[in-house]
Every structure is written in structure tokens, then in C-alpha cells.
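Participant: here is a sequence together with a model predicted from it:
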Amino acid sequence: MKTKITLLLAFLFLGFNFSFAQDDSEKDREQLSIFTEYAKAKNYDAAFIPWMELRERNPKYNRAIYKYGEDILEDKIKKNTGTEKVAFINDLIKLWEQRGMYFSSKTPKGEYAAKACQLKYDNREFLNLTDLELYNCFDAAYKLDAKTFTNPKSLYTYFSLMVDLFDADKKSANDLFNKYDDIVEKIEQEVGNYSEHLNKLIAKEDAGTELTSKEKKYKKFYESYLNAYNKISGSIDSKLGERANCSNLIPLYQKDFEENKTNAIWLKRAVSRMFNKECTDDPLYIELVKAYDKTAPSADTKYFVAGLLLKENKTNEALDYFKQSLDLETEAYQKSKKSYKIGLILKKKGSYGKARNYFNESLKLNPSNGRPHLAIAAMYNVSANNCGDTNFNKRAVFWLAATEAKKAGRVDPTLKKSAAQSAANYLAKAPQTSEIFSEGNSGQTIKIGCWIQRSVTVPKL
């Protein structure tokens, strides 16, 4: 009898608990539904109480707690001031920490740590934070997970704080230049990643296949990020300004050269920076290039050696090294960049045919970079007077230039405006409707000679 009573009590206890579990589960579902509907309608005030109750009672119930919670708290931050605003800021940071705790696989560490730092930076006056405290926040986020620290705005803020600390004598020149290299290399890596994704969609469009609605959204997403990275790249260089001029760089590298003459990473950064800042006339640059090539022969070292030879007007030897550089390069994005730069050098020397070959190779490797198209268009433009047998045919070259410029705007989101302006400029110099009528060659094909060796169709009237 005692055993039966015990079993009965146990059954009743389990049933009692199950009943409560059912009630809690039902309540969770109900509150989740209520606050998500309010949040979707942007009625964040109405969403706040049911959202907060569910968050406090069962924080791991559903990721929507964090997805919509971010919107709810951002609305509170926007609408409040003083201590209430600070409290909501701190709660949003706490929310991101909770998200990482309960949904770690869906919460990239670097991304969310950077978001928290950016929130602090954007509200630094309310939080009374110093530049050094904010920089340390971003630096910790970057070191925690650099792979997912990709937000363009946060990357710029991170570097901007470094410059401000350098100006305040709280960071050394070495710290500044190393951080510049970190951020520039990171941006270049991300541009390469997004370009690779965009190239696949461009290739699909070029093949005549229409993108799905999902692919169109992805394309806009990739283009927006490439635009953002393009903007902050310029802003970062502007922020660095004259702090990285030759008069500052050369003494710094002279001082540290002996200690680092076998340090491949140090040498690569020193050579790259002096090259980009056009400090290549100084004898130190030659020493750095030689040391870099000796320590770690690579696509980069061959490229820089080629640059030295080109300065000495040893064009054939330089081109040989350029080809070695391309052969050693394994990454398509980097190979495309090198091909483009070689094309620019040859273009400057007036070797337009060879330059176009390199520009086309660059486009093949990275179709979403429109700069090679603009470079080819520019070469057509300056060659018009030399590549035709009549005045009309010479000016027909401008149609080729315009077509090439338009391609740049179509494939590269960062060049739409400048490409359109270039195309309009070329078209203005091409034969106009009255001239086509007088010539009587509407719709005919004109073969362009000299190095161009292309054909262009006269617009039909």
C-alpha cells in the first residue's frame, strides 16, 4: 500500500510539473508571437514588455529574442537621453553578449564585438569614454576574431582612433604604420572575397542567364559592400595623410633595417609602403627590395624587382620579372591586380597593344573590376587620330572607347558615375547623326587599324 501511494504521488508530481511546463511553453510561444508582430510593424514600444519578459524568463528560447531585441533597444537608445539612454546602450551590449552565450554558432565573435565597440564610439560622449579606451575595445575585437571583423565603418573607426592616438603622442609611428598595413590588407582581402562572389553572378549574366530574385539580392549586397570598402579605402589614406610621407618612412626603416633584414613580413610591408608612397628614388628602397627577394622570393618580390628595372629603363628585363611575378602568383584576385598594374606601366610607356593584353587578362581574372575597361577606353581615346584613314573613321574610334567605358560602369559598382561621364565624353567626340547621314554609311562596319585592330558598327539612323 505504501508503494502504491508513493507511485501515485510521484505520478501526480510529474503531472503537476508537466502542466506547468505546458503553460510556460504556451506562454513563451504567445509572447514570442506578440513581440515579433509588433517589432515587424516597427511598434517597438508595444513590443518592449512582452519581449523583455520572454528574454528574462527564457533567454535561449528563440533567436528572434536577439534579432528583434536589437531593433527594440536601438529604438530606445534613439528616443532617450541621459542615464536612461546609457542604460539602454549597456543593455544592448549585454544582449549581444547573451546572444553569443546562447546562440554562439550564429553569433560571429569579431562581428559582434566590433558592433559593441562601434556603439560605444557612436555614443562616446554619453559614455564618457576616451580615445584610448575605445581603441582598446576595437583592438581586442580585432584580435579576438579578425576573420569576422569586416564592417567597413568599424574598420575605418578602428584606424581613425589609431591616427588620433598617434597625433596625441600615445602611439608610435611604428604602431601607426603597422595598423595601417593591418587594415589595408584586411580591406583588400574582403574586396577580393566579395569580388569573387560578384564575378560568378556577372559571368552568369554575361552568359545570357537571368539571375534569380535571390541572386539579385546577393548582387546588390556584394555591390554595396564593395562600394563601402572603396569609400573607406580613400578615407583611410586621407586620414593617414602626410604622416606616412617619405621623410617619415625612410628614417624609420633605416633605423629598423638591420634588425629586420631577414624578416619577410616586415620587409614586405616596408617595400609595399615605400612603393605606394613613391619613395622609390631613395637607395634604401633598393636595399629593401633586394633583401625581400633574397629572404622570401615570391610573386611580390619579382614584381618589385621589375619595378626597379623599369626605373633603369631596362624594359625587357623588367617585363621578364613581371611575367615571373604573374607565374608565381596563385590567387586570382592578386594576379588580376598585378596584371592591371603591369598594364598601367605599359600604357604609360605607350605600349598600348601589350598593355591591353594585360588589362584583358586582369578582366578575365576579376571581371567586376571596371578599371581595366576605363584604361583601354583611354588608350582608344588618345589613339583615335592615329588609327584611321579618314577623319570620320578616326573619330569612329570614340565609339569603341565609349563602349569600353560603359562596360566599366556595368560591371563595377564603384565606377558607375565616372564610367558614365567618360562614355558621354567619348560619344560627344564621335561622329554625330548629321555626319553619318552625309557619309551615307549608317549601319556599316568600320575596321580600325594600327594597334587597335578592332571593328566598330556605325549607329543606324
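Facilitator: Right, received. Where do you want to start? Residues are numbered from 1 along each chain as shown.
Participant: buried stuff in stretch 226-246?
Facilitator: Residues 226, 228-230, 232-233, 236, 239-240, 244, 246 are the ones in stretch 226-246 that count as buried (16 or more other C-beta atoms under 10 Å). All C-beta spots, glycine's among them, are computed from the backbone N, C-alpha and C.
Participant: who's in contact with D293?
Facilitator: 301-302, 304-305 (C-beta atoms under 8 Å, 6 or more residues apart in numbering).
Participant: same thing but at 10 Å, please
Facilitator: 267, 271, 300-302, 304-305, 308, 321 (C-beta atoms under 10 Å, 6 or more residues apart in numbering).
Participant: ok, so of the residues you listed, who is nearest N62?
Facilitator: N62 has its nearest neighbour among the contacts of D293 in D300, at 49.0 Å by C-beta to C-beta.
Participant: same for the helix or strand harbouring the closest one, what does it pack against?
Facilitator: Taking DSSP states H and E as the criterion, D300 maps to helix 299-311. Counting contacts by 3 or more C-beta pairs under 10 Å, 6 or more residues apart in numbering; DSSP states H and E, helix 299-311 packs against helix 264-276, helix 283-295, helix 315-328, helix 332-348.
Participant: what residues sit buried inside the first one?
Facilitator: Using 16+ other C-beta under 10 Å as the test for burial, helix 264-276 gives 264, 266-275.
Participant: let's test this: mean pLDDT of the helix or strand K219 falls within, rounded?
Facilitator: Assessed by DSSP H and E, K219 sits inside helix 213-240. For helix 213-240, mean pLDDT is 94.
Participant: show me where the stretch 51-200 of the chain has helices.
Facilitator: 64-79, 82-102, 109-122, 124-127, 131-144, 152-167, 173-206 (DSSP state H, counting those that start in this stretch).
Participant: export the helices and strands packed on helix 299-311 as TSV, with columns for mean pLDDT and distance to G440.
Facilitator: Shown next, in TSV, are the helices and strands packed on helix 299-311 (pLDDT from 0 to 100; distance: least, C-beta to C-beta, whole Å):
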stretch	mean pLDDT	distance to G440
helix 264-276	90	53
helix 283-295	92	59
helix 315-328	87	45
helix 332-348	90	36
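Participant: okay if I get the ones you listed as JSON lines plus distance to N43?
Facilitator: As requested, those are exported to JSON lines (distance: least, C-beta to C-beta, whole Å):
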{"stretch": "helix 264-276", "distance to N43": "51"}
{"stretch": "helix 283-295", "distance to N43": "60"}
{"stretch": "helix 315-328", "distance to N43": "58"}
{"stretch": "helix 332-348", "distance to N43": "45"}
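Participant: for S105, which of those helices is the nearest?
Facilitator: Per C-beta to C-beta, nearest to S105 of the helices and strands packed on helix 299-311: helix 332-348, 28.6 Å.
Participant: what angle sits between the closest one and helix 315-328?
Facilitator: 170 degrees (axes from the mean of the first three to the mean of the last three C-alpha atoms, to 10 degrees).
Participant: nearest to S25, of the helices and strands packed on helix 299-311?
Facilitator: Closest among these, using C-beta to C-beta: helix 332-348, at 50.1 Å.
Participant: tell me how far the closest one lies from the chain's centre.
Facilitator: Here helix 332-348 shows a centroid-to-chain-centroid distance of 19 Å under the convention C-alpha atoms, centre = their mean, to the nearest Å.
Participant: and for stretch 225-242?
Facilitator: Using C-alpha atoms, centre = their mean, the offset of stretch 225-242 from its chain centre is 10 Å.
Participant: before we move on, what about stretch 45-54?
Facilitator: For stretch 45-54, the distance to the chain centre is 37 Å (C-alpha atoms, centre = their mean).
Participant: give the buried residues for that stretch.
Facilitator: 47-48, 50-52, 54.
Participant: what's the closest of these to S25?
Facilitator: Distances from S25 to the buried residues of stretch 45-54, taken by C-beta to C-beta, are shortest for L54, at 11.7 Å.
Participant: quick one: contacts for the residue nearest to that closest one when sequence neighbours are not counted?
Facilitator: Of all residues not flanking L54 in the chain, Q31 sits nearest, at 4.4 Å (C-beta to C-beta, 6 or more residues apart in numbering). By C-beta under 10 Å, 6+ apart, the residues touching Q31 are 49-55, 57-58, 61, 65.
Participant: which element is Q31 on?
Facilitator: Short version: Q31 belongs to helix 2-40, going by DSSP H and E.
Participant: now that helix: average pLDDT?
Facilitator: The model assigns helix 2-40 a mean pLDDT of 63.
Participant: before we move on, what about stretch 72-80?
Facilitator: 97.
Participant: for stretch 104-114, same thing?
Facilitator: 97.
Participant: one step back: after the helix holding K219, next one along is what?
Facilitator: helix 246-260.
Participant: in that following helix, what's buried?
Facilitator: In helix 246-260, counting by 16+ other C-beta under 10 Å, buried: 246, 248-250, 252-253, 257, 260.
Participant: repeat that for stretch 349-356.
Facilitator: 351-352, 354-356.
Participant: what residues does it touch?
Facilitator: 310, 313, 315, 319, 342-348, 357-359, 372, 375-376, 378-380, 382-383, 387, 404, 450-454.
Participant: what separates that stretch from the chain centre, distance-wise?
Facilitator: That offset, for stretch 349-356, works out to 29 Å (C-alpha atoms, centre = their mean).
Participant: rank the buried residues of helix 246-260 by pLDDT and give me only the lowest.
Facilitator: N248 (87).
Participant: next, count neighbours for E223.
Facilitator: 18 (other C-beta atoms under 10 Å).
Participant: surely it and P413 touch.
Facilitator: Yes - assessed by C-beta atoms under 10 Å, E223 is found in contact with P413 at 3.7 Å.
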